[in-house]
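Peer 1: Dropping the sequence and predicted coords here.
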Amino acid sequence: MNSTKYTLDRIEDGFAVFLKYPEEIEQVIIPITAIDQSLQAGDRVFIQEIDNTYHIDLLKEETEQKKAEVQSLMDKLRRKK
């Protein structure tokens, strides 16, 4: 795996499931024990594999921007009712 952007889809059964950005079709599954930081579903990250070790960097600005876009869409949907 080359270094690229992913979105954390979910955490289940001790594994983090990341979807490759932007298509979000291809997935990477990483054991939670291999992640040295706290992540939440929806976080955008940059993952790089070096010598069979995953290096994960949270892309904070992109994550916040995406969450704001989703919140805006949710607000619009609620107002339509």
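Peer 2: Arrived safely.

Peer 1: Which phi and psi values does K60 adopt?
Peer 2: K60 has phi and psi values of phi -60, psi -50 when expressed as degrees, to the nearest 10.

Peer 1: So that it lines up with my notes, have the first residue be 10 from now on.
Peer 2: Shifting the count to begin at 10 puts that one at K69.

Peer 1: Near it, how many other residues are there?
Peer 2: 11 (other C-beta atoms under 10 Å). For glycine as for every other residue, the C-beta is placed from the backbone atoms N, C-alpha and C.

Peer 1: Distance-wise, check it relative to E32.
Peer 2: Per C-beta to C-beta, to the nearest Å, K69 is found 22 Å from E32.

Peer 1: Same check on Q49?
Peer 2: The gap separating Q49 from E32 is 21 Å, by C-beta to C-beta.

Peer 1: of these two, who's got more company?
Peer 2: Each of Q49 and E32 has its neighbours counted (other C-beta under 10 Å); Q49 has more, 10 against 7.

Peer 1: Now do the contacts for that one.
Peer 2: For Q49, the contact set (C-beta atoms under 8 Å, 6 or more residues apart in numbering) comprises L17.

Peer 1: That one in helix, strand or coil?
Peer 2: Classification of Q49 using DSSP: H, G, I helix; E, B strand; the rest coil returns coil.

Peer 1: Give me the pLDDT for K90.
Peer 2: Model confidence at K90, given as pLDDT, is 66.

Peer 1: whoops, I mixed them up, S12
Peer 2: Per-residue confidence at S12 stands at 61 (pLDDT).

Peer 1: residues near R53, how many?
Peer 2: Here the number of neighbours of R53 (other C-beta under 10 Å) works out to 20.
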